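Q: any chance you can model this:
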Amino acid sequence: MSNALTSTDAPLMPAATGRLGAPLAQMRGILAQPAVKRAMPLIFLIGLVAAGFLAWSLVSTPPQRILFANVTDADKAAISSALQGASIKSSIDSSGSITVAEDDYHKARMLLASQNLPKAAPGGYQILDQLPMGVSRAVEGERLRQARETELARSIEEIDSVAEARVHLATPEASVFVRDKTQPTASVILKLQPGRALGEAQTRAIVNLVASSVPGMAAENVTIVDQMGALLSKKGNEANSASDARIDYQRRIEDKYREQLVQLLTPLVGAGNFTAEVQADVDLDESQATRESYDKEGAVISAEQGAWTGTKDGQAPGGIPGALSNTPPPASTVTAPNAQPTPGATPAAGATAAGASTATPQKQSDSFTRTYETGKQVSVTRQAPGSIKRLSVAVLLREESGKPRSTVEIQQITQLVQAAVGYNQGRTDQVTVISRKFNAAADAGDKGPAWYEAEWVPLAARNATALVIALLVLFLGVRPLTKALLKKREEPAAAGNRPALAMSGPAGEEGQMQGAAPVSIDMLDSAGNSYDERVGLVRGFTRDNPARAALAVRDMIKADAQ
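A: Below you'll find the model as predicted:
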């Protein structure tokens, strides 16, 4: 018998003394102690409560949001003190950024802005006040450029749509050689407000502001980029600018007609029960014509220039040679060619004395250049762009309760649309109105975002999850363990008042099974002389402590063998 027991115990020794068996055996020994067994429910309860508290803290903690990043240590201390005074919890993450709860983000920003925190570093022309004595010209030029960049950035930030701005100036060194002379350039990086955008007029204003602030800089040399990397400034290509202007003008006209249709049809068919589209063919070509006309009747001579030649009839050379040179010339008279002599006129005295003849001269040839003043009319016609060459309007109506609209109703709505957009049959305008069923997906899109996309849903879900975890820990962990502890405390008190086992055999075992107190060594020692009572106690002890009973049987076998 002893040999059999020895052979069965031999293979267990290496496992118990092994590297893995020793810690497990020690752990089993510690857990097998009565005090540890009695304390296990309490330890489990404390662990369960700690796990529930940890889960609650993880779920109930709101998500954090970075308040300020890359600030100095002095600003961190001032910001933390200001937030603590306002009862706003803050923390500093691993990167050194100050974070607060997402619900307190805007409140914290407003509080710190009222206290002028964080303190901004000196910039602008204040940098020039900190220049030490004796700095080089290069350092002085860099400081001046930095001050100019900071001042330009502050000026740009005054625009409502701009949250932050940074300006970089590239100013080359002045050169006396014309071929080496280059113009300065600038680049501007803008961070716009959420949901805001810069218009073309605002972009041109920023370009002109920067170009006017730097001597010698042209507006084409200024580049503007937003925080998404999109190029906002357009330079150089006038054709593209003109094309964009024309497209924008056409879009404005179409939007104007579309708004008119919305205002007209909304009271009639209701909002969301129609959709309208307008296509306008706009004549964006500019034309200019000049016309001159003359009045041929009523012409008036304004200038005449010419000459004529002729001879006098019947006059022959004669007289005393040299006598005419000593005679004063007669009075000059202007007579028209081939003019008849005036009746009663007497010839000049000199001419009579010289024996000159008074015959009328004869015209042989003439040459004249005459300029006539005529009536003149100049007409200049200039046609401005923007006239509509053709207009196309399409209106889609929703069918009411699944029934198509009547032809009379569609005709009435068509006439209203034609009157609203200024329908002109001469320019082949087209207006189409039809009634159809709308798609369910389009209806869902018109209703806006779903309820689970609202801002309050994540907060409510987080709090509800934390509450469910707390209830599960309370009802599934704390409550059963509390009942078990109270039951174990009540059993010893009930065992002291319960009578000892008096029945033997099956009846005694049945009574033990129905709730008798566990049998201990002291009860075996204090048992009476009754054989049945001892047998019942031994059975109960063996059932409650099988390991110790096996050890006792083994010791008894060893003692009998000796």
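Q: can you list contacts of stretch 273-283?
A: By Cβ atoms under 8 Å, 6 or more residues apart in numbering, the residues outside stretch 273-283 that reach it are 246, 249-250, 253-254, 257-258, 261-262, 265, 385-398, 421. Heads up, the C-betas are built off the backbone N, CA and C, glycines and all.
Q: of these, just the buried ones, PyMOL syntax please.
A: Applying 16 or more other Cβ atoms under 10 Å to those leaves a buried subset, and the PyMOL line that selects it is:
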select buried, resi 250+254+257+258+261+265+388+391+393+395+397+398+421
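Q: domain parsing for the chain?
A: Domain segmentation of the chain under the TED database yields 29-59, 64-115, 137-236, 251-285+388-439, 455-484.
Q: can I get the ones you listed in a markdown table with mean pLDDT?
A: Output for the domains of the chain, formatted as a markdown table (pLDDT from 0 to 100):
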| stretch | mean pLDDT |
| --- | --- |
| domain 29-59 | 76 |
| domain 64-115 | 87 |
| domain 137-236 | 87 |
| domain 251-285+388-439 | 89 |
| domain 455-484 | 78 |
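Q: looking at these, which is nearest to residue 381?
A: In terms of Cβ to Cβ, the element of these nearest to residue 381 is domain 251-285+388-439, at 14.2 Å.
Q: how far does the closest one stretch from one end to the other?
A: End-to-end span of domain 251-285+388-439 (Cα to Cα, to the nearest Å): 27 Å.
Q: and if you look at stretch 24-42?
A: Start-to-end span of stretch 24-42 (Cα to Cα) is 22 Å.
Q: ok, longest helix in the chain?
A: Longest helix in the chain, counting residues (DSSP state H): helix 238-269.
Q: so which elements touch that one?
A: Judged by 3 or more Cβ pairs under 8 Å, 6 or more residues apart in numbering; DSSP states H and E, the packing partners of helix 238-269 are strand 274-283, strand 387-398, helix 407-421.
Q: reformat those into CSV and put distance to residue 210 next to each item.
A: Shown next, in CSV, are the helices and strands packed on helix 238-269 (distance: least, Cβ to Cβ, whole Å):
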stretch, distance to residue 210
strand 274-283, 34
strand 387-398, 38
helix 407-421, 43
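Q: ok, which of the ones you listed comes nearest residue 474?
A: strand 387-398 (54.1 Å).
Q: what's the burial count for residue 214?
A: Residues lying near residue 214 (other Cβ atoms under 10 Å) number 21.
Q: how about the nearest residue to it, chain neighbours excluded?
A: Among residues not flanking residue 214 along the chain, residue 184 sits closest, at 5.4 Å (Cβ to Cβ, 6 or more residues apart in numbering).
Q: so that neighbour sits against residue 168, correct?
A: No - counting by Cβ atoms under 8 Å, residue 184 does not reach residue 168; the two are 11.2 Å apart.
Q: nearest to residue 214, of the helices and strands packed on helix 238-269?
A: strand 274-283 (39.4 Å).
Q: okay, buried residues for the closest one please.
A: By 16+ other Cβ under 10 Å, the buried positions in strand 274-283 come out as 274-276, 278, 280, 282.
Q: any idea which of those residues is closest to residue 32?
A: Relative to residue 32, the closest of these is residue 275; by Cβ to Cβ it sits at 80.1 Å.
Q: who's that closest one bridged to?
A: Beta-bridge pairing for residue 275 (DSSP bridges): residue 396.
Q: give me the next element, helix or strand, following whatever helix or strand residue 30 lives in.
A: Secondary structure assignment for residue 30, by DSSP states H and E: helix 21-32. Scanning forward in sequence from helix 21-32 by DSSP H and E, the next helix or strand is helix 34-60.
Q: and the angle for that following helix with helix 21-32?
A: Comparing the axes of helix 34-60 and helix 21-32 via axes from the mean of the first three to the mean of the last three Cα atoms, to 10 degrees yields an angle of 100 degrees.
Q: helices or strands up against helix 34-60?
A: In terms of contacts (3+ Cβ pairs under 8 Å, 6+ apart), helix 34-60 is packed against helix 21-32, helix 456-473, helix 479-497.
Q: closest to residue 80 out of these?
A: Within the helices and strands packed on helix 34-60, the stretch nearest residue 80 is helix 456-473; the backing value is 25.3 Å (Cβ to Cβ).
Q: angle of the closest one against helix 34-60?
A: 170 degrees.
Q: buried set for helix 456-473?
A: Neighbour-count burial for helix 456-473 flags 466, 469-470, 473 (criterion: 16+ other Cβ under 10 Å).
Q: can you redo those as TSV with distance to residue 106?
A: Output for these, formatted as TSV (distance: Cβ to Cβ, whole Å):
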residue	distance to residue 106
466	24
469	30
470	30
473	35
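Q: show me what the helix or strand hosting residue 67 is packed against.
A: Using DSSP H and E, residue 67 sits in strand 64-68. Helices and strands touching strand 64-68, by 3+ Cβ pairs under 8 Å, 6+ apart, are helix 73-85, strand 98-101, helix 105-114.
Q: relative to helix 73-85, how tilted is that strand?
A: Counting by the same axes, to 10 degrees, strand 64-68 lies at 130 degrees to helix 73-85.
Q: which outside residues touch strand 64-68?
A: Strand 64-68 is contacted by residues 75, 79, 90-91, 93, 97-102, 105, 108-109, 112, 118 when judged by Cβ under 8 Å, 6+ apart.
Q: now swap in stretch 387-399 and tell me
A: So stretch 387-399 is in contact with 253, 257, 261, 265, 269, 272-283, 405, 410, 413, 417, 421-424, 427-438, going by Cβ under 8 Å, 6+ apart.
Q: got the CA positions of it in CSV?
A: The C-alpha trace of stretch 387-399 is given here as CSV (Å, rounded to 0.1, in the frame of the first residue of the first chain):
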residue,chain,number,x,y,z
SER,A,387,-28.1,92.3,-73.6
ILE,A,388,-29.9,88.9,-73.5
LYS,A,389,-29.9,87.1,-76.8
ARG,A,390,-31.9,84.1,-75.7
LEU,A,391,-33.5,82.9,-72.4
SER,A,392,-34.3,79.3,-71.5
VAL,A,393,-36.3,78.5,-68.3
ALA,A,394,-37.2,75.0,-67.0
VAL,A,395,-39.5,74.5,-64.0
LEU,A,396,-40.2,71.1,-62.4
LEU,A,397,-43.3,70.8,-60.2
ARG,A,398,-44.0,68.1,-57.6
GLU,A,399,-47.1,66.1,-58.1
